[in-house]
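Student: I need the structure of the sequence given here:
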Amino acid sequence: MRLFRIFSAGVVAVLFIVSLSYADVIVCFGDSITEGHTATPYPTNLQNMYGSSSGTQVINAGEGGEDTYSGVYRLQGVLTTYAPNYVLIMEGANDVMEAISPETTVFNLNNMLEQAVAAGAVPILSTIPPNISKTGYQPENYNPGIINLAQSGNTTLVDTYANVVSDWSSLTVDGIHPNEDGSVKIAQGFYSQLVNSQNASSGSGGGGCFIATAAYGTGLEPQVVLLKRFRDLYLMTNQPGLYLVKLYYTYSPPIADFIRQHNIIRFLVRILLLPLLTASFFLVEFSPAEQIITAIALLSSSGLFLARFRKRYRAS
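Tutor: A predicted model of the protein is given here:
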(Lines give C-alpha, C1' and ligand atoms only; values in the text may rest on other atoms or scores of the structure.)
Protein backbone atom coordinates (compact mmCIF):
# COMPACT_ATOMS: atom_id res chain seq x y z
CA MET A 1 0.00 0.00 0.00
CA ARG A 2 2.82 2.40 0.84
CA LEU A 3 4.55 1.70 -2.48
CA PHE A 4 1.28 2.30 -4.31
CA ARG A 5 0.85 5.69 -2.62
CA ILE A 6 4.39 6.71 -3.50
CA PHE A 7 3.89 5.60 -7.09
CA SER A 8 0.57 7.45 -7.33
CA ALA A 9 2.11 10.63 -5.96
CA GLY A 10 4.91 10.31 -8.51
CA VAL A 11 2.44 9.94 -11.38
CA VAL A 12 0.54 13.03 -10.26
CA ALA A 13 3.78 15.02 -9.92
CA VAL A 14 4.96 14.02 -13.40
CA LEU A 15 1.62 14.95 -14.94
CA PHE A 16 1.69 18.31 -13.18
CA ILE A 17 5.19 19.06 -14.46
CA VAL A 18 4.13 18.07 -17.96
CA SER A 19 1.18 20.45 -17.71
CA LEU A 20 3.38 23.45 -16.87
CA SER A 21 4.95 23.41 -20.32
CA TYR A 22 1.50 23.61 -21.90
CA ALA A 23 0.11 26.63 -20.06
CA ASP A 24 -1.78 29.18 -22.13
CA VAL A 25 0.17 31.64 -24.26
CA ILE A 26 -1.74 34.85 -24.94
CA VAL A 27 -0.54 37.26 -27.62
CA CYS A 28 -1.73 40.86 -27.44
CA PHE A 29 -1.60 42.15 -31.02
CA GLY A 30 -2.11 45.79 -31.90
CA ASP A 31 -0.64 49.25 -32.27
CA SER A 32 0.82 51.72 -29.74
CA ILE A 33 -2.18 51.30 -27.43
CA THR A 34 -1.04 47.70 -27.00
CA GLU A 35 2.70 48.34 -27.17
CA GLY A 36 2.47 51.05 -24.51
CA HIS A 37 2.75 54.83 -24.66
CA THR A 38 4.11 56.47 -21.47
CA ALA A 39 1.88 54.29 -19.26
CA THR A 40 2.27 50.61 -18.37
CA PRO A 41 1.07 48.58 -21.40
CA TYR A 42 -2.20 46.76 -20.88
CA PRO A 43 -0.55 43.35 -21.64
CA THR A 44 1.64 43.86 -18.55
CA ASN A 45 -1.43 44.51 -16.42
CA LEU A 46 -3.12 41.49 -17.96
CA GLN A 47 -0.13 39.33 -16.99
CA ASN A 48 -0.35 40.68 -13.44
CA MET A 49 -4.03 39.72 -13.29
CA TYR A 50 -3.16 36.11 -14.07
CA GLY A 51 -0.27 36.08 -11.63
CA SER A 52 3.11 34.45 -11.98
CA SER A 53 1.96 31.13 -10.51
CA SER A 54 -0.76 30.52 -13.10
CA GLY A 55 1.70 29.52 -15.83
CA THR A 56 -0.11 31.79 -18.30
CA GLN A 57 2.26 33.82 -20.47
CA VAL A 58 1.12 37.13 -21.94
CA ILE A 59 3.11 38.39 -24.93
CA ASN A 60 3.08 42.07 -25.90
CA ALA A 61 3.13 42.07 -29.71
CA GLY A 62 2.06 45.68 -30.15
CA GLU A 63 3.76 47.96 -32.67
CA GLY A 64 3.32 51.71 -32.54
CA GLY A 65 1.91 53.45 -35.59
CA GLU A 66 0.62 50.26 -37.20
CA ASP A 67 -2.55 50.26 -39.30
CA THR A 68 -4.51 47.15 -40.21
CA TYR A 69 -2.74 46.82 -43.58
CA SER A 70 0.57 46.36 -41.78
CA GLY A 71 -1.06 44.20 -39.13
CA VAL A 72 -2.28 41.72 -41.73
CA TYR A 73 1.27 41.17 -42.98
CA ARG A 74 2.92 41.15 -39.54
CA LEU A 75 0.55 38.76 -37.78
CA GLN A 76 1.69 35.55 -39.43
CA GLY A 77 5.23 35.97 -38.14
CA VAL A 78 3.92 36.60 -34.62
CA LEU A 79 1.75 33.47 -34.77
CA THR A 80 4.69 31.40 -36.00
CA THR A 81 7.04 32.75 -33.33
CA TYR A 82 4.81 32.34 -30.28
CA ALA A 83 2.23 29.65 -31.28
CA PRO A 84 -0.34 31.26 -28.97
CA ASN A 85 -3.51 29.75 -27.59
CA TYR A 86 -5.25 33.13 -27.71
CA VAL A 87 -4.71 36.25 -29.83
CA LEU A 88 -6.14 39.56 -28.62
CA ILE A 89 -6.58 41.86 -31.62
CA MET A 90 -7.07 45.58 -31.03
CA GLU A 91 -6.19 47.50 -34.16
CA GLY A 92 -7.75 50.25 -36.21
CA ALA A 93 -6.92 53.42 -34.28
CA ASN A 94 -4.37 54.39 -36.93
CA ASP A 95 -6.84 53.49 -39.68
CA VAL A 96 -9.06 56.20 -38.23
CA MET A 97 -6.15 58.64 -38.22
CA GLU A 98 -5.21 57.74 -41.81
CA ALA A 99 -8.82 57.89 -43.04
CA ILE A 100 -8.78 54.27 -44.19
CA SER A 101 -12.39 53.30 -44.83
CA PRO A 102 -14.27 51.40 -42.11
CA GLU A 103 -15.07 48.67 -44.65
CA THR A 104 -11.37 48.16 -45.38
CA THR A 105 -10.53 48.07 -41.69
CA VAL A 106 -13.14 45.39 -41.07
CA PHE A 107 -11.90 43.42 -44.09
CA ASN A 108 -8.33 43.51 -42.76
CA LEU A 109 -9.42 42.54 -39.24
CA ASN A 110 -11.31 39.58 -40.66
CA ASN A 111 -8.11 38.52 -42.43
CA MET A 112 -6.32 38.59 -39.06
CA LEU A 113 -9.07 36.49 -37.50
CA GLU A 114 -8.74 33.90 -40.25
CA GLN A 115 -4.96 33.78 -39.78
CA ALA A 116 -5.35 33.23 -36.04
CA VAL A 117 -7.90 30.45 -36.48
CA ALA A 118 -5.76 28.76 -39.14
CA ALA A 119 -2.85 28.81 -36.68
CA GLY A 120 -4.95 27.05 -34.05
CA ALA A 121 -5.38 30.12 -31.85
CA VAL A 122 -8.59 31.54 -30.41
CA PRO A 123 -8.97 35.17 -31.56
CA ILE A 124 -10.59 37.79 -29.36
CA LEU A 125 -11.42 41.03 -31.14
CA SER A 126 -11.65 44.48 -29.59
CA THR A 127 -13.42 47.61 -30.68
CA ILE A 128 -11.27 50.72 -31.19
CA PRO A 129 -10.87 52.88 -28.05
CA PRO A 130 -12.11 56.49 -28.10
CA ASN A 131 -10.09 59.27 -29.67
CA ILE A 132 -10.62 62.76 -28.28
CA SER A 133 -7.25 64.14 -29.33
CA LYS A 134 -8.66 65.94 -32.33
CA THR A 135 -12.06 66.53 -33.81
CA GLY A 136 -12.92 64.53 -36.90
CA TYR A 137 -11.28 61.27 -35.83
CA GLN A 138 -14.21 59.06 -34.92
CA PRO A 139 -13.80 55.37 -34.02
CA GLU A 140 -17.59 55.47 -33.64
CA ASN A 141 -17.81 55.11 -37.43
CA TYR A 142 -15.69 51.94 -37.35
CA ASN A 143 -16.85 50.07 -34.28
CA PRO A 144 -20.30 48.99 -35.57
CA GLY A 145 -18.57 47.08 -38.37
CA ILE A 146 -16.16 45.49 -35.88
CA ILE A 147 -19.05 44.45 -33.65
CA ASN A 148 -20.87 42.94 -36.63
CA LEU A 149 -17.72 41.07 -37.59
CA ALA A 150 -17.44 39.57 -34.12
CA GLN A 151 -21.09 38.59 -34.16
CA SER A 152 -20.57 36.68 -37.39
CA GLY A 153 -19.22 33.82 -35.31
CA ASN A 154 -15.48 33.92 -36.07
CA THR A 155 -14.50 35.46 -32.74
CA THR A 156 -15.65 36.84 -29.42
CA LEU A 157 -15.73 40.56 -28.72
CA VAL A 158 -14.34 42.83 -26.07
CA ASP A 159 -16.09 46.17 -26.46
CA THR A 160 -13.21 48.28 -25.18
CA TYR A 161 -14.83 51.44 -26.50
CA ALA A 162 -18.00 50.89 -24.48
CA ASN A 163 -15.98 49.90 -21.39
CA VAL A 164 -14.04 53.17 -21.23
CA VAL A 165 -15.89 55.85 -23.22
CA SER A 166 -17.82 57.33 -20.29
CA ASP A 167 -14.58 57.99 -18.35
CA TRP A 168 -12.12 58.30 -21.21
CA SER A 169 -11.08 61.87 -20.42
CA SER A 170 -9.72 60.64 -17.08
CA LEU A 171 -8.30 57.40 -18.52
CA THR A 172 -6.08 58.85 -21.26
CA VAL A 173 -2.83 60.79 -21.40
CA ASP A 174 -3.39 62.48 -24.74
CA GLY A 175 -6.90 61.68 -25.90
CA ILE A 176 -6.03 58.36 -27.57
CA HIS A 177 -3.47 56.48 -25.45
CA PRO A 178 -4.49 55.17 -22.02
CA ASN A 179 -2.90 56.30 -18.79
CA GLU A 180 -2.21 53.88 -15.93
CA ASP A 181 -5.88 53.63 -14.94
CA GLY A 182 -6.95 53.31 -18.57
CA SER A 183 -4.43 50.54 -19.18
CA VAL A 184 -5.80 48.58 -16.21
CA LYS A 185 -9.35 49.14 -17.44
CA ILE A 186 -8.52 47.77 -20.88
CA ALA A 187 -6.73 44.77 -19.36
CA GLN A 188 -9.74 44.05 -17.16
CA GLY A 189 -12.00 43.89 -20.22
CA PHE A 190 -9.76 41.36 -21.92
CA TYR A 191 -9.24 39.38 -18.72
CA SER A 192 -12.98 38.93 -18.18
CA GLN A 193 -13.49 37.69 -21.72
CA LEU A 194 -10.45 35.43 -21.55
CA VAL A 195 -11.67 33.75 -18.37
CA ASN A 196 -15.07 33.18 -19.99
CA SER A 197 -13.45 31.82 -23.15
CA GLN A 198 -11.08 29.56 -21.23
CA ASN A 199 -13.93 28.20 -19.14
CA ALA A 200 -16.12 27.69 -22.20
CA SER A 201 -13.40 25.93 -24.17
CA SER A 202 -12.80 23.73 -21.14
CA GLY A 203 -16.48 22.90 -20.94
CA SER A 204 -17.79 25.10 -18.15
CA GLY A 205 -21.42 24.42 -17.44
CA GLY A 206 -21.62 20.91 -18.85
CA GLY A 207 -18.20 19.83 -20.04
CA GLY A 208 -14.59 20.26 -19.11
CA CYS A 209 -13.84 17.02 -17.21
CA PHE A 210 -10.82 16.48 -19.42
CA ILE A 211 -8.92 14.05 -17.23
CA ALA A 212 -11.89 11.78 -16.55
CA THR A 213 -12.90 11.90 -20.22
CA ALA A 214 -9.37 10.90 -21.24
CA ALA A 215 -9.33 8.07 -18.69
CA TYR A 216 -12.72 6.64 -19.66
CA GLY A 217 -12.58 7.41 -23.38
CA THR A 218 -15.72 9.51 -23.74
CA GLY A 219 -17.60 12.23 -21.91
CA LEU A 220 -20.75 10.10 -22.03
CA GLU A 221 -19.44 7.51 -19.56
CA PRO A 222 -21.43 7.48 -16.27
CA GLN A 223 -18.29 8.25 -14.25
CA VAL A 224 -17.59 11.41 -16.27
CA VAL A 225 -21.23 12.54 -16.10
CA LEU A 226 -21.16 12.04 -12.33
CA LEU A 227 -18.04 14.20 -11.94
CA LYS A 228 -19.59 16.94 -14.07
CA ARG A 229 -22.66 16.96 -11.85
CA PHE A 230 -20.47 17.15 -8.75
CA ARG A 231 -18.61 20.11 -10.25
CA ASP A 232 -21.77 22.00 -11.19
CA LEU A 233 -23.51 21.38 -7.85
CA TYR A 234 -20.63 21.77 -5.41
CA LEU A 235 -17.83 23.74 -7.09
CA MET A 236 -19.47 26.20 -9.47
CA THR A 237 -21.69 27.56 -6.68
CA ASN A 238 -19.03 29.15 -4.44
CA GLN A 239 -15.81 31.16 -4.72
CA PRO A 240 -13.37 28.50 -3.43
CA GLY A 241 -14.93 26.00 -5.81
CA LEU A 242 -14.69 28.42 -8.72
CA TYR A 243 -11.02 28.95 -7.92
CA LEU A 244 -10.40 25.19 -7.98
CA VAL A 245 -12.26 24.90 -11.28
CA LYS A 246 -10.14 27.70 -12.73
CA LEU A 247 -6.95 25.90 -11.71
CA TYR A 248 -8.31 22.70 -13.22
CA TYR A 249 -9.09 24.46 -16.51
CA THR A 250 -5.57 25.86 -16.56
CA TYR A 251 -3.67 22.62 -16.04
CA SER A 252 -5.92 19.70 -17.02
CA PRO A 253 -6.04 19.87 -20.86
CA PRO A 254 -2.37 18.92 -21.44
CA ILE A 255 -2.56 16.33 -18.66
CA ALA A 256 -5.57 14.80 -20.41
CA ASP A 257 -3.69 14.71 -23.71
CA PHE A 258 -0.86 12.85 -22.01
CA ILE A 259 -3.25 10.38 -20.35
CA ARG A 260 -5.11 9.73 -23.60
CA GLN A 261 -1.93 8.56 -25.32
CA HIS A 262 -0.96 5.90 -22.74
CA ASN A 263 -3.26 3.00 -21.89
CA ILE A 264 -1.42 2.12 -18.70
CA ILE A 265 -1.72 5.69 -17.45
CA ARG A 266 -5.43 5.67 -18.32
CA PHE A 267 -5.89 2.57 -16.17
CA LEU A 268 -3.96 4.08 -13.25
CA VAL A 269 -5.96 7.32 -13.46
CA ARG A 270 -9.18 5.33 -13.26
CA ILE A 271 -7.94 3.79 -10.02
CA LEU A 272 -6.87 7.19 -8.67
CA LEU A 273 -10.30 8.62 -9.48
CA LEU A 274 -12.16 5.99 -7.42
CA PRO A 275 -12.13 7.96 -4.13
CA LEU A 276 -13.37 11.10 -5.90
CA LEU A 277 -16.05 9.10 -7.71
CA THR A 278 -17.19 7.55 -4.44
CA ALA A 279 -17.42 10.94 -2.73
CA SER A 280 -19.18 12.45 -5.75
CA PHE A 281 -21.74 9.63 -5.83
CA PHE A 282 -22.40 10.11 -2.13
CA LEU A 283 -22.91 13.88 -2.48
CA VAL A 284 -24.79 13.90 -5.78
CA GLU A 285 -27.01 10.82 -5.65
CA PHE A 286 -27.93 10.76 -1.97
CA SER A 287 -30.46 13.10 -0.39
CA PRO A 288 -29.34 15.05 2.72
CA ALA A 289 -31.17 12.58 4.96
CA GLU A 290 -29.55 9.62 3.20
CA GLN A 291 -26.15 11.30 3.51
CA ILE A 292 -26.58 11.67 7.26
CA ILE A 293 -27.75 8.07 7.71
CA THR A 294 -24.91 6.75 5.55
CA ALA A 295 -22.32 8.86 7.35
CA ILE A 296 -23.52 7.59 10.75
CA ALA A 297 -23.44 3.99 9.48
CA LEU A 298 -19.91 4.40 8.11
CA LEU A 299 -18.65 6.04 11.28
CA SER A 300 -20.22 3.31 13.39
CA SER A 301 -18.75 0.58 11.23
CA SER A 302 -15.34 2.23 11.33
CA GLY A 303 -15.55 2.52 15.10
CA LEU A 304 -16.43 -1.15 15.50
CA PHE A 305 -13.63 -2.18 13.15
CA LEU A 306 -11.05 -0.10 15.03
CA ALA A 307 -12.24 -1.43 18.35
CA ARG A 308 -11.89 -5.05 17.19
CA PHE A 309 -8.49 -4.34 15.62
CA ARG A 310 -7.17 -2.81 18.84
CA LYS A 311 -8.52 -5.72 20.87
CA ARG A 312 -6.83 -8.30 18.65
CA TYR A 313 -3.61 -6.27 18.56
CA ARG A 314 -3.47 -6.08 22.37
CA ALA A 315 -4.29 -9.77 22.69
CA SER A 316 -1.41 -10.69 20.43
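Student: ok, Lys277 touching Lys228?
Tutor: No Lys there; residue 277 is Leu. No - taking contacts as CB atoms under 8 Å, Leu277 lies outside contact range of Lys228: 12.0 Å. For glycine as for every other residue, the C-beta is placed from the backbone atoms N, C-alpha and C.
Student: between those two, which is the more surrounded one?
Tutor: When neighbours are counted by other CB atoms under 10 Å, Leu277 and Lys228 differ, and Lys228 comes out ahead with 21 against 17.
Student: looks to me like the more buried one is in a helix.
Tutor: Yes - counting by DSSP: H, G, I helix; E, B strand; the rest coil, Lys228 falls inside a helix.
Student: distance check, it against Leu268.
Tutor: According to CB to CB, to the nearest Å, Lys228 stands 22 Å off from Leu268.
Student: same deal with Lys246?
Tutor: 26 Å.
Student: buried stuff in the strand or helix carrying Ile255?
Tutor: Assigned by DSSP states H and E, Ile255 belongs to helix 239-260. By neighbour count with 16 or more other CB atoms under 10 Å, helix 239-260 contains the buried residues 245-246, 248-256, 258-260.
Student: again with stretch 274-288
Tutor: Burial within stretch 274-288, assessed by neighbour count using 16+ other CB under 10 Å, is assigned to Leu277, Ser280, Phe281, Val284.
Student: quick one: contacts for the last one?
Tutor: Listed by CB atoms under 8 Å, 6 or more residues apart in numbering, the contact set of Val284 reads Leu226, Arg229, Phe230, Leu233.
Student: would you say Glu66 is within a helix?
Tutor: No - the assignment for Glu66 by three-state DSSP gives coil, which leaves it out of any helix.
Student: please report the distance of the spatially closest residue to Tyr50 that is not a sequence neighbour from Val122.
Tutor: Among residues not flanking Tyr50 along the chain, Thr56 sits closest, at 4.3 Å (CB to CB, 6 or more residues apart in numbering). As for Thr56, its distance to Val122 is 14 Å (criterion: CB to CB).
Student: so where do the strands sit in the stretch 201-316 of the chain?
Tutor: Using DSSP state E, counting those that start in this stretch, no strands are assigned anywhere in the stretch 201-316 of the chain.
Student: mind jotting down where the helices sit in it?
Tutor: Secondary structure of the stretch 201-316 of the chain by DSSP state H, counting those that start in this stretch: the helices cover 210-216, 222-230, 239-260, 263-285, 288-315.
Student: let's have those helices in TSV, adding mean pLDDT.
Tutor: Written out in TSV, the entries for the helices of the stretch 201-316 of the chain read as follows (pLDDT from 0 to 100):
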stretch	mean pLDDT
helix 210-216	81
helix 222-230	80
helix 239-260	78
helix 263-285	88
helix 288-315	74
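Student: compare the ones you listed and give me the one nearest Ile147.
Tutor: Taking CB to CB as the criterion, Ile147 comes closest to helix 239-260 out of those, the separation being 27.5 Å.
Student: quick one: the closest one to helix 263-285, angle?
Tutor: 150 degrees (axes from the mean of the first three to the mean of the last three CA atoms, to 10 degrees).
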